[in-house]
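Asks: need a structure here:
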Amino acid sequence: MALSSKPKRPAPVAADPIDAFISKGGSVPAVDPVAEPGEGKPAKAPQHPLKFPGDSDLFERLESARRATAVRLPRNTWILQAIAEKLDRDGH
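Replies: Now for the predicted structure:
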């Protein structure tokens with residue numbers, strides 16, 4: 001029995017330029033699993049829904065306290081917990 005290579009099939013031709021673009025595909029961005037979040041990206045201010053005064057270190061203090069917890073919570077969750085604790089403390 002003679003061995004031969006698999007016959008080559010012509011690439012499917014998309015009639016629509018949008019279908020052609022979609023079928024072209026692409027690659028997934030490479031992510032370094034060891035890198036710290038934010039490493040290798042251009043320096044830009046962190047995004048958050050709250051506005052902090054520019055001359056205050058309040059945001060850095062908040063991030064420091066959030067990083068010091070045993071379980072890393074999303075910033076929004078941490079802020080909501082802090083608000084709930086404050087309201088409980090004040091009797092509301």
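
Asks: need the three-state assignment for residue 85.
Replies: Under the three-state scheme (DSSP: H, G, I helix; E, B strand; the rest coil), residue 85 adopts helix.

Asks: that one: neighbour count?
Replies: For residue 85, the neighbour count with other Cβ atoms under 10 Å is 10. (Each C-beta comes from the backbone N, C-alpha and C, glycine too.)

Asks: for residue 78, same thing?
Replies: A count of neighbours around residue 78, defined by other Cβ under 10 Å, yields 18.

Asks: check residue 35 and give its pLDDT.
Replies: Note on residue 35: pLDDT of 58.

Asks: check what pLDDT residue 69 gets.
Replies: At residue 69, the model reports a pLDDT of 88.

Asks: if I look at the nearest residue to it once chain neighbours are set aside, how far off is residue 66?
Replies: Closest residue to residue 69 apart from its sequence neighbours, by Cβ to Cβ, 6 or more residues apart in numbering: residue 78 at 7.5 Å. Residue 78 is 5 Å from residue 66, where distance means Cβ to Cβ, to the nearest Å.

Asks: just to revisit the earlier point, my read: the residue nearest to residue 69 touches residue 68, true?
Replies: No: here residue 78 lies out of contact with residue 68, judged by Cβ atoms under 8 Å, at a distance of 10.8 Å.

Asks: alpha carbons of the strand or helix carrying residue 20, as CSV, please.
Replies: According to DSSP states H and E, residue 20 maps onto helix 17-24. Provided in CSV are the C-alpha atoms of helix 17-24 (Å, rounded to 0.1, in the frame of the first residue of the first chain):
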residue,chain,number,x,y,z
PRO,A,17,-16.0,41.0,3.5
ILE,A,18,-17.3,40.8,7.1
ASP,A,19,-17.4,37.0,7.0
ALA,A,20,-13.9,37.0,5.5
PHE,A,21,-12.6,39.1,8.4
ILE,A,22,-14.3,36.9,11.0
SER,A,23,-13.0,33.7,9.4
LYS,A,24,-9.5,35.1,9.2
